[in-house]
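*Asks:* sequence and predicted model, in that order:
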Amino acid sequence: MGITIKEIAALAGVSPTTVANVLHGRTGKVSEKTYEAVKRALEENHYTPNMGARMIGNCGSRLIAVVMNFERRERVNTVQNPFFGEIIGALETEIRREGYYMLLYTSGSAEETVRLASTWNVEGIILIGLPPWKAPKIREFLKIPMVYIDTYFPDKDDGYDNVGLQDFEGGYEMTRFLIRQGHKRIAFLADGEKLVGVDYWRYQGYCRALSENGYPGGDYYCLPYEKSVRNEMLRQFCREHLQKYTALFFASDFYAADAVKTFHRQGIRVPEDISVAGFDDNIFAKQCQPGLTTIRQYVSEKGRVAVEKLMKLIRGEKDTPRNIKLPVELILRESVQRIE
């Protein structure tokens, strides 16, 4: 049996309540000298908290739930996507640094999310990619601090804390770059028959840039998520539509890199026959041949900011702005060719 809080208190010369304050992060209730003494005693004696007892005793579970909204979870391993892999790693690092533990879950509904948070008595929750229409039901039943990542709420609704991205600006900047390179006929390709969330705003940026320059546009092609179906669709696209365009703007590097490979197998050269651009600047963009011109987003920074906001909410601190949009950056590589 491990050492107890009472024994740690005796070693540090303080009360059990003081040890509990240090364990629960209530640093405002102890002096810096006392905090260091208790922390040293905990570390030297390899104290391990009894999580079950803490939850039962209303001491705070020290659990933060990270919930990924992903309705295709039965068919697709979510964390194989580089975005989810990086964001989860960043969140776990920051949550652990704050002295909490991360509980990871992939949810297909608001009801599942409510059950998870209630069952495990989590102290806070970070929701990734949740459609905004699901948020009210979750907030109705869960009265705990929440931070969202990549959820687009109406501008008039300031009741939610979200960490997002300048997706509109990224779509706009990439399309303007393609236009400067001489491309007038540009198609947009993304996942889903109906554009929602980040893809919707990237598409809106693309449309705005085309409109401002007087070019026809708004051509959107849906890419199926299942690889075999998607590759067949891309082969069909090559036969029936490719000749209409000089450049293709994909909503993610994942799809752009897959398309480059499919084009290569069809004898279509990138960028000589068609220019290709992506969005994210993840491992797909860097390993793609040729290297992928893309919009860089700083995924780990999203995780850091989300945890920072959540900790302030847990501690009862005021934090503004409620809706953060992190900056993006245009990254130039070899997949886009200038045309005259």
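*Replies:* Happy to help now that I have it. These numbers were taken from a predicted model, which means no experiment stands behind them.
*Asks:* surely residue 294 and residue 276 touch.
*Replies:* No - Residue 294 lies out of contact with residue 276 (C-beta atoms under 8 Å); the separation is 9.6 Å. For every residue, glycine as well, the C-beta is placed using N, CA and C.
*Asks:* joint contacts of these two?
*Replies:* With contacts defined as C-beta atoms under 8 Å, 6 or more residues apart in numbering, the residues shared by residue 294 and residue 276 are residue 256.
*Asks:* okay, these two: which has more neighbours?
*Replies:* With neighbours defined as other C-beta atoms under 10 Å, residue 294 and residue 276 compare such that residue 294 has more, 33 against 25.
*Asks:* check for me that the more buried one belongs to a strand.
*Replies:* Yes - the assignment for residue 294 by DSSP: H, G, I helix; E, B strand; the rest coil puts it in a strand.
*Asks:* so for the nearest residue to it once chain neighbours are set aside, what's the pLDDT?
*Replies:* Spatially, and ignoring its direct neighbours in sequence, residue 294 is nearest to residue 278 (4.1 Å; C-beta to C-beta, 6 or more residues apart in numbering). In this prediction, residue 278 carries a pLDDT score of 96.
*Asks:* you'd agree residue 278 is up against residue 291?
*Replies:* No - in terms of C-beta under 8 Å, residue 278 does not count as a neighbour of residue 291; the distance is 10.5 Å.
*Asks:* so what's in contact with those two at the same time?
*Replies:* Going by C-beta under 8 Å, 6+ apart, residues that sit against residue 278 and also against residue 291 are residue 285.
*Asks:* when the two are compared, which one has more neighbours?
*Replies:* Neighbours were tallied for residue 278 and for residue 291 using other C-beta under 10 Å; the higher tally belongs to residue 278 (29 against 14).
*Asks:* how much space separates that one from residue 197?
*Replies:* Remark: distance between residue 278 and residue 197 (C-beta to C-beta, to the nearest Å) = 17 Å.
*Asks:* how about low-confidence regions in the stretch 151-300 of the chain?
*Replies:* The stretch 151-300 of the chain contains residues with pLDDT under 70 at 155-158.
*Asks:* and the helices in it, which stretches?
*Replies:* Shown for the stretch 151-300 of the chain, the helices assigned by DSSP state H, counting those that start in this stretch span residues 167-180, 197-212, 227-240, 253-265, 283-287, 299-314.
*Asks:* export those to CSV and tack on mean neighbour count and distance to residue 160?
*Replies:* Below are the helices of the stretch 151-300 of the chain laid out as CSV (neighbours: other C-beta atoms under 10 Å; distance: least, C-beta to C-beta, whole Å):
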stretch, mean neighbour count, distance to residue 160
helix 167-180, 22, 17
helix 197-212, 20, 14
helix 227-240, 14, 33
helix 253-265, 20, 27
helix 283-287, 17, 31
helix 299-314, 20, 11
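*Asks:* for these, which one sits closest to residue 15?
*Replies:* Evaluated over the helices of the stretch 151-300 of the chain, closeness to residue 15 peaks at helix 299-314, with 24.0 Å, by C-beta to C-beta.
*Asks:* and that closest one, what does it pack against?
*Replies:* Helices and strands touching helix 299-314, as assessed by 3 or more C-beta pairs under 8 Å, 6 or more residues apart in numbering; DSSP states H and E, comprise helix 82-97, strand 124-128, strand 146-149, strand 162-165, strand 323-326.
*Asks:* ok so, going back, which one of the helices of the stretch 151-300 of the chain lies closest to residue 89?
*Replies:* With C-beta to C-beta, the closest approach to residue 89 among these belongs to helix 299-314: 7.6 Å.
*Asks:* which residues does that closest one contact?
*Replies:* Contacts with helix 299-314, where a contact means C-beta under 8 Å, 6+ apart, come from 64, 83, 86-87, 89-91, 93-95, 98, 123-124, 126, 145-147, 149-150, 161, 163, 165, 280, 282, 318-319, 324, 326.
*Asks:* on that earlier part again, turn the helices of the stretch 151-300 of the chain into a markdown table, including distance to residue 189.
*Replies:* Putting the helices of the stretch 151-300 of the chain into a markdown table (distance: least, C-beta to C-beta, whole Å) gives the following:
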| stretch | distance to residue 189 |
| --- | --- |
| helix 167-180 | 12 |
| helix 197-212 | 10 |
| helix 227-240 | 8 |
| helix 253-265 | 6 |
| helix 283-287 | 14 |
| helix 299-314 | 21 |
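*Asks:* looking at these, which is nearest to residue 330?
*Replies:* Residue 330 sits nearest to helix 167-180 of all the helices of the stretch 151-300 of the chain, at 5.4 Å, using C-beta to C-beta.
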